[in-house]
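In: Following is a predicted model, sequence given first.
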Amino acid sequence: MFNKDFLKELTIMFVEDDELICEQLFLSVKDFFKEVIIAKNGEEALEKISKSKTRIDIIVSDILMPFMNGIEFLENVRKIDKHIPFIFSTAYSEKEYLINAIKHGVSDFFIKPLDVILLLNKIETVCEKNRKEMEIINHQEMIKEYFNTINKVAIVYIYDLDGKILYINDFFKELSKYDDIDLIGKDYTKIYHLDVPKEIIKKQEESLKNGEKFKGNFKYSTKDDSIFYVNCTTLPIKEKDEISRFISINFLTTKEENERREFKKKVLYNFQETKKIFKKAQEKIDELTFELSKYQNHDKKEKILKELQIENSNYFQEIYLVEDKIKKIKNRQDMFTFEINIKIKEISQSSHDLVDHSDKLDKKISKMSHEIKLRDEFIKKLESEVTERNQKIVNLEDVLLHRENQVSGKK
């Protein structure tokens, strides 16, 4: 049974030169559709299509009509809209018409006399299929835009289960100075800098083989031995529930990330300087203590001790300033680390959503491919039947001609 709610969303056009059939058809289906547009031939139909403010969702047309037949009408429609569903209703099954109709993208056929219930079911099936096809086309365009955007800002490469690189994007080539010939078919670890620990690479491989995504920071080397740092997210790609390859999406570390590294270096440097100051202070104290022990005079000892206390106080003041500086640097580092983690989380979520969306689209495309295959099989069957009929007609014509010749011979 057809879906009344779905049909009520559709605007349909019927093209039929027989006024009686046209009127009966309109009265039979007008309550099932949002709008029904009637035309008597192809020329009138094209004119109404051009003037219609409402989008026409499906066209049902006769083949044999005056002024412009159904095949010519279909050709002109396809110039305007390549995807609109189009059904032929005809009392004929001529091979020439059928083949031309298929060439120009007819959606289905309907042999007269029209059965309204069967027609409504066929319209629903064709329109539902068209809607799914358009969703797939729109999703493909959207994914294409996503990948175009990512290709402009991210380093992307794909490698197989053996670790051999299958694809590198243009941004990667521009940044690394590598070409396809340098990396395609090579092990993906070739782009890693020698400083990257083997334990990290092993951990990444284990996570991916278990179907988990891997995130981390990597150091890459270019063809001219320059280096750059990236935030890396690598995900497994599945086909029929089996991992077939891996995609790695890498973003260059941001300005904040580079500053965070510089802060770490400064903290380490200042800590080392503090240790040096402590060491010098202790050496000075030991030296002064040794000198003090040489003096027996109490006044001199007291004077030296005061000088030592003042000098020692100065050293401790320097130490306090260094500690305060280290504390400020640590606070800034924590702040930048928090901001960077938020950005990495957002980018990783976007990458995951994109791969999930790609998996769903692959399933839809697989389903549509199956439907197209069934349609191709139907067309082949139809062509076989048409060929068989034509052969029978030819054989009949031969028999009639033979009989006419016999009659003529008797006369």
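Out: Here it is on my side, so go on.
In: For stretch 356-368, give me every contacting residue.
Out: Contacts with stretch 356-368, where a contact means CB atoms under 8 Å, 6 or more residues apart in numbering, come from K132, E133, E135, I136, H139, Q140, I143, K238, E239. Any C-beta I mention is one placed from the backbone N, CA and C, and that applies to glycine too.
In: Helices of the stretch 201-350 of the chain, residue ranges please.
Out: 255-292, 298-410 (DSSP state H, counting those that start in this stretch).
In: Can you say which of those is nearest to L10?
Out: For L10, the closest of these is helix 298-410, at 19.9 Å, according to CB to CB.
In: Give the burial count for I84, as a bare number.
Out: Neighbours of I84 under the rule other CB atoms under 10 Å: 19.
In: and what of L119?
Out: For L119, the neighbour count with other CB under 10 Å is 19.
In: Could you pull out the buried residues of the helix or strand containing it?
Out: Using DSSP states H and E, L119 sits within helix 116-153. For helix 116-153, a neighbour-count test (16 or more other CB atoms under 10 Å) marks L119, L120, K122, I123, E124, V126, C127, K129, N130, E133, H139, I150 as buried.
In: Adding pLDDT, write these out as CSV.
Out: As requested, the buried residues of helix 116-153 are arranged in CSV below (pLDDT from 0 to 100):
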residue, pLDDT
L119, 80
L120, 83
K122, 85
I123, 83
E124, 84
V126, 85
C127, 87
K129, 87
N130, 85
E133, 85
H139, 77
I150, 70
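In: For the stretch 51-200 of the chain, give me the ranges with low pLDDT.
Out: Scanning the stretch 51-200 of the chain for pLDDT under 70 picks out the ranges 91-98, 104, 146-147, 149.
In: Longest strand in the chain, please.
Out: strand 227-239 (DSSP state E).
In: who's in contact with that strand?
Out: For strand 227-239, using CB under 8 Å, 6+ apart, the contacting residues are 155, 158, 175, 193, 204, 208-209, 211-222, 243-253, 257-258, 344, 347-348, 351-352, 355, 359, 362.
In: Mind giving me the ChimeraX select for the residues you listed, buried ones only?
Out: Remark: buried members of these, expressed as a ChimeraX selection using 16+ other CB under 10 Å:
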select :155,175,204,208,213,214,215,218,220,221,245,246,247,248,249,250,251,252,253,257,344,347,348,351,355
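In: Could I get the pLDDT score of F263?
Out: Looking at F263, its pLDDT is 57.
In: Equivalent analysis for the one 3 residues further on, please.
Out: K266 is assigned a pLDDT of 66 by the prediction.
In: Please apply the same query to N41.
Out: Value for N41, per-residue pLDDT: 86.
In: just use 773 as the starting number from now, easier for me
Out: From this message on, residue numbering opens at 773, which makes the last subject N813.
In: count of neighbours near it?
Out: N813 is flanked by 19 other residues according to other CB under 10 Å.
In: tell me the contacts of it?
Out: N813 makes contacts with V787, D789, M837, P838, F839, M840, F845, as judged by CB under 8 Å, 6+ apart.
In: quick revisit: return the set of buried residues in the longest strand of the chain.
Out: Neighbour-count burial for strand 999-1011, counted by 16+ other CB under 10 Å, picks out F1000, Y1001, V1002, N1003, C1004, T1005, T1006, L1007, P1008.
In: Kindly report the same for stretch 966-982.
Out: Neighbour count says stretch 966-982 has V968, I973, Q976, S979, L980 buried, by 16+ other CB under 10 Å.
In: Closest one to K1051 out of these, please.
Out: The nearest member of these to K1051, counting by CB to CB, is V968 at 35.6 Å.
In: Tell me if I am right that that closest one is in a strand.
Out: No - assessed with DSSP: H, G, I helix; E, B strand; the rest coil, V968 is coil; it does not lie in a strand.
In: I'd assumed K904 was in contact with H855.
Out: No - H855 is beyond contact range of K904, at 11.6 Å (criterion: CB atoms under 8 Å).
In: quick one: K987 and I784, what's the gap?
Out: K987 sits 52 Å away from I784, taking CB to CB, to the nearest Å as the criterion.
In: same thing with K854?
Out: Applying CB to CB to K854 and I784 gives a distance of 19 Å.
In: Who has more neighbours out of those two?
Out: Between K854 and I784, counted using other CB under 10 Å, I784 has the larger neighbour count: 23 against 8.
In: which element is that one on?
Out: Counting by DSSP H and E, I784 is found in strand 783-787.
In: Extract the C-alpha trace of that strand and format it as PDB.
Out: Listed in PDB are the C-alpha atoms of strand 783-787, where the atom choice follows Å, rounded to 0.1, in the frame of the first residue of the first chain:
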ATOM      1  CA  THR A 783       3.700  17.900  -7.200                       C
ATOM      2  CA  ILE A 784       3.100  15.800 -10.200                       C
ATOM      3  CA  MET A 785       2.700  16.600 -13.900                       C
ATOM      4  CA  PHE A 786       0.700  14.400 -16.300                       C
ATOM      5  CA  VAL A 787       1.200  14.800 -20.100                       C
END
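In: between that strand and helix 888-925, what angle do the directions make?
Out: Computed by axes from the mean of the first three to the mean of the last three CA atoms, to 10 degrees, the angle separating strand 783-787 from helix 888-925 equals 120 degrees.
In: list the helices and strands strand 783-787 packs on?
Out: Secondary-structure packing of strand 783-787 (3 or more CB pairs under 8 Å, 6 or more residues apart in numbering; DSSP states H and E): helix 791-801, strand 807-811, helix 814-823, strand 830-834.
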